[in-house]
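Visitor: Predicted coordinates and the sequence they were generated for:
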Amino acid sequence: MQNVIGIDAGGTLTKLVYLNDQQEFEFKLFPSNNFNLVKDWIESNPQIEEIGLTGGRTEQLLSVLKTMKSIEYVVEFEATFKGVCHLLKKEGFDLQRGIITNIGSGTSIHYMEGDSYVRVGGTGIGGGTLTGLSALITGILDFNEITAKAASGDRNSIDLFVKDIFEGIDVPIELEPHLTASNFGMVSILKDPKRYETNDLLATIQALVGEVISTLSIQFAEHNNADHIVYIGSTLTNNEHLKKVIGNYTHLKKHKPIFLKNSGFSGAIGALLNKVEQTEIKK
Ligand SMILES: Nc1ncnc2c1ncn2[C@@H]1O[C@H](COP(=O)(O)OP(=O)(O)OP(=O)(O)O)[C@@H](O)[C@H]1O
Ligand SMILES: [Mg+2]
């Protein structure tokens, strides 16, 4: 491996990236509630000399690292934007303008045009909501278990769909029968709610999170006349079910969703690239 790494110390997860001898990215994931693991990993790789660093928990990580290595801090969205641009190019996209929605612990939404960007909004509904609600409602906290189980869940007995409200009469033309009218709304109108299957509950929680995030992102896309919405963040990692919820709704509203491989590492990739550039400039 090379002597430089990029780290994004996020609210929930710390992402670390470096280039191997073939110049390919290698990724490492650590929980942000135990920075000693990051410290141990860095110390076990003494060839590391330089660190590009970003993320909201930067100060907390630095207080644990206490390292003498050369560290370059970069503001979180600058790093994320750099990383997203790199991944877009790598996958053959030539995007001049679009919305970037980062689904981390919470969700942050930016508008990009050329090589500039501006934060347009966000919501506290994000990956933390997904794991938090899942734990409270089903007792499952493990992200991989949540996404695996949600994939085979059925929302029909828990969510209230447009077709359930307009029973027996024609649905107004502007409303699609299969759209959600009320997330978890079916439960609220039952006289005697039954016990629900874990997989069904998890699928419904994912849909709640995905629909709030895509609805908001679409509104910002419309407001800014942007066709594309790039959805990123570790909440999408191996989470085909959430991508489907978000992708379907975005398509339905006539926008183009883009999901990038390894998008959860955008910030860490940007921090790495920034550090490499800074080093080259100094040489
Ligand atoms: N191995 C994992 N362990 C825990 N959560 C995971 C894991 N993989 C994916 N996730 C999901 O990813 C979310 C965190 O996403 P991400 O790493 O992008 O956010 P963050 O950078 O930590 O937070 P923020 O950007 O808001 O500070 C978690 O809330 C969870 O839903
Ligand atoms: Mg983050």
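Guide: Done, it's in. Numbering: from 1, shown residues only. Ligands and ions are numbered 1, 2, ... in the order given.
Visitor: which residues does the residue in the stretch 1-150 of the chain positioned nearest to ligand 1 contact?
Guide: Going by C-beta to the nearest ligand atom, ligand 1 is nearest to Gly10 of the stretch 1-150 of the chain, at 2.0 Å. C-beta here means a position set from N, CA and C on the backbone, and glycine is covered the same way. Going by C-beta atoms under 8 Å, 6 or more residues apart in numbering, Gly10 touches 32, 55-57, 104-105, 234, 267.
Visitor: Name the member of those residues with the most neighbours.
Guide: Within the contacts of Gly10, neighbour counts (other C-beta atoms under 10 Å) peak at Gly267, which reaches 34 neighbours.
Visitor: residue contacts, the residue in the stretch 51-200 of the chain positioned nearest to ligand 2?
Guide: Residue nearest to ligand 2 within the stretch 51-200 of the chain (C-beta to the ion): Gly104, separated by 3.6 Å. When contacts are counted by C-beta under 8 Å, 6+ apart, Gly104 touches 10-12, 126-127, 233-235.
Visitor: Look up the closest residue to it, ignoring the ones flanking it.
Guide: Take Gly104 and drop its neighbours on the chain: the residue closest to it by C-beta to C-beta, 6 or more residues apart in numbering is Gly233, 4.9 Å away.
Visitor: Return the per-residue confidence for the one you found.
Guide: Here, the pLDDT recorded for Gly233 equals 98.
Visitor: Phi, psi for it please.
Guide: Gly233 has phi and psi values of phi 120, psi 150 when expressed as degrees, to the nearest 10.
Visitor: Likewise for Ser116?
Guide: Main-chain torsions, Ser116, degrees, to the nearest 10: phi -120, psi 160.
Visitor: And the one 3 residues further on, by the same measure?
Guide: Main-chain torsions, Arg119, degrees, to the nearest 10: phi -80, psi 130.
Visitor: do the same with the one 3 residues further on
Guide: According to degrees, to the nearest 10, the main-chain angles of Gly122 amount to phi 170, psi -180.
Visitor: go on, the one 5 residues further on?
Guide: Reported as degrees, to the nearest 10, the phi and psi values for Gly127 are phi -60, psi -30.
Visitor: What sits closest to it if chain neighbours are left out?
Guide: In space, and not counting its chain neighbours, Gly127 is closest to Thr235: 3.3 Å by C-beta to C-beta, 6+ apart.
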